[in-house]
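> sequence plus the predicted model coming up.
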Amino acid sequence: MVVTLGAEQARHLSAIRLSAGDSLELLLSSGPWRGELTEVAKNRAAIRLVAPVEENREAPIEIHACLPITAQLGLWDEFLPGTVELGATLIQPVIFERSQYDRQKTEARMERWRRIILAASEQSHRTRIPDLRMPISVGILQSWEANQRWIAYEASTEAPNPEFILKKIAFAHGPEGGITDTEIGMLTNSGWKPITLGKSIIRAATCPAAILGAIQVELGRRQAI
């Protein structure tokens, strides 16, 4: 079977100096495949699929990243690659009170974000492409299904961070300006646990990588036991 790639992917293959006959790995919706590049031109490329990659490189649990729609939508271009590389399996845009949500502008970005997610998945040799959902309001998070749900909160609660367990996890954080008192009260009353990422104020673009890094450290510790 031969898979045809578009202009953007063809340019990437040329940039990394691959040519016809070279071996490479291709990530499809069904998973990664080993293939052979049969053609590479300015506006297209073709890859002959050789065999599926059997190795599983995914985390042992589902990781749901419930990320805020930010006033500066360009921030998503910054934090999406790291979110993918650090193992998120589902990416859910969330409309918070301080999101300054513009439906038309946000939906116009969705296809671009899917391309970024695919590129980051390929770059990091993921065996699964994270699912990007359409935006939801913060209230819907009250009924989000996960064994553990963390919400990053910049104000001190004087409580220790929740204990990590080896089961499905969801995490969220606020946009620029943070999460409101009303929102944090609503989420904690529905079972979300506040977490702190230290005493400094962290940018919205930094939060996903900080939380996912902590999750991956815990996963490494649990898997080593």
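Arrived safely. Numbering: from 1, shown residues only.
> gap between W144 and F171?
10 Å (Cβ to Cβ, to the nearest Å). The C-beta positions use only the backbone N, C-alpha and C, and glycine is treated the same way.
> okay, these two: which has more neighbours?
F171 (25 against 18; other Cβ atoms under 10 Å).
> for that one, list each beta-bridge partner.
A65, W150 (DSSP bridges).
> so it touches Y153, yeah?
No. Assessed by Cβ atoms under 8 Å, F171 is found out of contact with Y153, at 11.5 Å.
> what sits in contact with each of those two?
I195 (Cβ atoms under 8 Å, 6 or more residues apart in numbering).
> how far is the top strand by length along the chain from where the chain is centred?
Looking across the chain with DSSP state E, the single longest strand is strand 31-40. The chain centre lies 25 Å from the centre of strand 31-40; the measure is Cα atoms, centre = their mean, to the nearest Å.
> next: stretch 61-72.
Distance, centroid of stretch 61-72 to centroid of chain: 7 Å (Cα atoms, centre = their mean).
> again, but for stretch 191-203
19 Å.
> which helix or strand in the chain has the lowest average pLDDT?
Among the helices and strands of the chain, helix 7-15 carries the lowest confidence by mean pLDDT, DSSP states H and E, at a mean of 78.
> now for it, which elements pack on it?
Helix 7-15 sits against strand 31-40, strand 45-52, with contacts defined as 3 or more Cβ pairs under 8 Å, 6 or more residues apart in numbering; DSSP states H and E.
> got the domain ranges for the protein?
2-52, 63-224 (automatic domain parsing).
> need the winner for burial among these.
Among those, domain 63-224 has the highest mean neighbour count (mean count of other Cβ atoms under 10 Å), at a mean of 17.
> for the record, mean pLDDT for that one?
Domain 63-224 carries an average pLDDT of 93.
> in space, what's closest to S23 - neighbours in sequence excluded?
Excluding the flanking residues, the one nearest S23 by Cβ to Cβ, 6 or more residues apart in numbering is E36, at 5.8 Å.
> wait, what's in contact with the one you found?
With Cβ under 8 Å, 6+ apart, E36 has these contacts: G21, D22, S23, L24, I47, R48, V50.
> pick out whichever of those sits closest to Q148.
Nearest to Q148 among the contacts of E36, counting by Cβ to Cβ, is L24 at 37.5 Å.
> so the closest one sits right up against T38, yeah?
No. Look at L24 against T38 with Cβ under 8 Å: they stay out of range, at 11.1 Å.
> what do those two both touch?
By Cβ under 8 Å, 6+ apart, the residues touching both L24 and T38 are I47.
> so which of the helices and strands packed on helix 7-15 comes closest to K167?
strand 31-40 (23.7 Å).
> which strand residues bridge S137?
In beta-bridge terms (that is, DSSP bridges), S137 pairs with I95.
> please enumerate the helices of this structure.
Remark: helices assigned in the chain by DSSP state H are 7-15, 75-85, 103-123, 181-189, 207-224.
> so for K199, which of the ones you listed sits nearest?
Closest among the helices of the chain, using Cβ to Cβ: helix 207-224, at 13.1 Å.
> which residues are in contact with each of W144 and F171?
By Cβ under 8 Å, 6+ apart, W144 and F171 have these common neighbours: H64, C66.
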